[in-house]
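Student: Test case, fold it:
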Amino acid sequence: ELFMSRLIHFQDKILGGIVGGEIKLEIQHAIFNVLFDGLEPALKNLRDLREKWSDSTVAQNEKRKLIESLFNNLVIALKDRFQYVTKMMGYEIGFMFQDDVKFINGCANFLAKHPAIPNRFVEMIAMERVWIKILQDVRNHIIEHKANKSLEYTKSLNTYLTLEYSETLFDHCWRLIEDIMWVLAIDMTDIQHGLTIQELFEYKQNNNHPQRFGWFDMIGK
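Tutor: Numbers count the residues shown, from 1 in each chain. Have a look, this model is predicted:
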């Protein structure tokens, strides 16, 4: 699978060139947890849903359970397991999942702590929060039935429980994980060694290439 190939390649060839020893093994294990505790089960949900979505003999309740399981597994991948990956890399990204006020303060604190990371990183996160909020709210207020939202709002969340949105959400989720790791890995890289992390030519020609990043010298060769 593309997400498996890309994230394992990044862990091995990119992060493996930055960190070593016990921390390397811990990050590797944490990334495997993202893959096998969250993304891979979500993909299985998605495959089953694709197979059953247009089948009128399959009960709607069965299809809904697959979607709810997919949402839940994506929360595990992104919010639970991936946060631990970034913590092992030296970064706290919990502000991504908080309310608007805490998010704004968290962005400011994050950039102050990591001044080499550009503002466009938190700008990207701000845009991604549209679907992250939907993901979290479906889990909290549809799957777990927390009662602090209006009935009208919880009804609106049901409009996202479709195969089309599930496909989009899965793709957004693993690609965001990849994007965040890239930004953080660049920040971890010692430029005195004269190397930087950039996208491969093959990826620029085809964004579904199984490898996205490589090491380049500072002039991009």
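
Student: most remote residue from this protein's center?
Tutor: Here the chain reaches farthest from its C-alpha mean at residue 57, the gap being 34.0 Å by C-alpha atoms, centre = their mean.

Student: Regarding that one, what is its secondary structure?
Tutor: Following DSSP: H, G, I helix; E, B strand; the rest coil, the label given to residue 57 is coil.

Student: check contacts around the spatially most central residue of the chain.
Tutor: Note on the chain: the residue nearest the mean C-alpha position is residue 177, at 3.2 Å, using C-alpha atoms, centre = their mean. Counting by C-beta atoms under 8 Å, 6 or more residues apart in numbering, residue 177 touches 7, 34, 77, 78, 82. (Each C-beta comes from the backbone N, C-alpha and C, glycine too.)

Student: Do I have it right that the third one meets residue 45?
Tutor: No - with contact defined as C-beta atoms under 8 Å, residue 77 does not reach residue 45; the gap is 11.8 Å.

Student: which element is the residue nearest to the centre of the chain on?
Tutor: Taking DSSP states H and E as the criterion, residue 177 maps to helix 163-188.

Student: avg pLDDT for that helix?
Tutor: The average pLDDT for helix 163-188 rounds to 97.

Student: Also stretch 104-118?
Tutor: 97.

Student: ok, residues contacting that stretch?
Tutor: 91-96, 98, 119, 122, 125-126, 183-184, 187.
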